[in-house]
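Q: Need a 3D model of the following:
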Amino acid sequence: MGDISTPIVQFNDVSFNYKSDEPLALSDVSFSIPKGKWTSIVGHNGSGKSTIAKLMVGIEKATSGEVLYDGQVVNENLLTEVRQNVGIVFQNPENQFVGATVEFDVAFGLENQGISHAEMHQVVPQALAEVDMTDYAQNEPQSLSGGQKQRVAIAGVLALNAQVIVLDEATSMLDPEGRQYLNQLIRQVNAEKEVTIISITHDLSEAMEADHLIVLDKGTVFHSGSPEEIFNQGSALKDIGLDLPFSMRIHELLGYPLEYVTYQGLVDKL
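A: A predicted model of the protein is given here:
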């Protein structure tokens, strides 16, 4: 596993605005994403979370400052390499589907990279098996549930052998069961394949499961560190309008101090 001192993605004093006459969406943002770990980027709507995802893969270009991938500045020359190594799963994966069936959809990215059909026949079933979607290979993507669609989108990223998976609010449209399944799958992929996970979310209960946390507020980095470090500043998080994790809210309601406590920790206390 990569350790915190080995960043796979770095932002150095990055500022960005969509239009020159608009306020900055990001202002002097600096942070590092540790290689092989699960990092959650949290913040309320309008804090700049999705802008960061677009800058990471070169969909947008920083107005000032530098975005680095694996120690190299992301520019026109590096874009192909970045897009081969960094896969994004969006909030609504339907926007990503292009194939008539699930297996064709997973194969599409491979075809774009000129992978041979013989290799595709090996890689696609393997990627579908990894996300437990083998039985749905012949289904139309549109016929799947929200959670199944997200699993197919992740299979597409795994098939390309991505080093980094960015989940841009990927669980926000799922029911609690689908969300839990997807989080378990991501944890498994992170552990078994040492893939770096970057989860962009406003769900702080979900962010509690990460190894590393970056909190955004109004286009700036409010704080970064381990979940325990961040959530022990619970009142400061409330001040910037974030909903604390369920386990911490219940802990406080029961008369305990506002501090970092996981769901399991709460159960143990009770």
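
Q: other SSEs contacting the helix or strand hosting S50?
A: Assigning secondary structure by DSSP states H and E places S50 in helix 49-56. Helix 49-56 sits against strand 7-16, strand 26-34, strand 38-42, strand 64-69, strand 164-168, strand 196-201, with contacts defined as 3 or more CB pairs under 8 Å, 6 or more residues apart in numbering; DSSP states H and E. All C-beta atoms are positioned from the backbone trio N, CA, C, and that covers glycine.

Q: Need the residues that contact it.
A: 9, 11, 14, 16, 25-26, 29, 41-43, 59-62, 67, 69, 74, 82, 86, 88, 166, 168-169, 198, 200-202, 216 (CB atoms under 8 Å, 6 or more residues apart in numbering).

Q: Centre of the chain to it, how far?
A: In terms of CA atoms, centre = their mean, to the nearest Å, the centre of helix 49-56 is found 10 Å from the chain centre.

Q: how close does the closest residue to E194 other than its chain neighbours sit to I8?
A: In space, and not counting its chain neighbours, E194 is closest to G36: 4.7 Å by CB to CB, 6 or more residues apart in numbering. Separation of G36 from I8 (CB to CB, to the nearest Å): 8 Å.

Q: got it, and N85?
A: Separation of N85 from I8 (CB to CB): 9 Å.

Q: and the helix holding S50 with strand 196-201, angle?
A: Using axes from the mean of the first three to the mean of the last three CA atoms, to 10 degrees, the direction of helix 49-56 lies 150 degrees away from that of strand 196-201.

Q: got the CA positions of helix 49-56 in CSV?
A: The C-alpha coordinates for helix 49-56 follow below in CSV (Å, rounded to 0.1, in the frame of the first residue of the first chain):
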residue,chain,number,x,y,z
LYS,A,49,-16.0,19.3,-5.2
SER,A,50,-17.1,18.4,-8.7
THR,A,51,-14.8,21.1,-10.2
ILE,A,52,-11.9,19.2,-8.6
ALA,A,53,-13.0,16.0,-10.3
LYS,A,54,-13.0,17.8,-13.7
LEU,A,55,-9.6,19.3,-13.2
MET,A,56,-8.1,15.9,-12.1
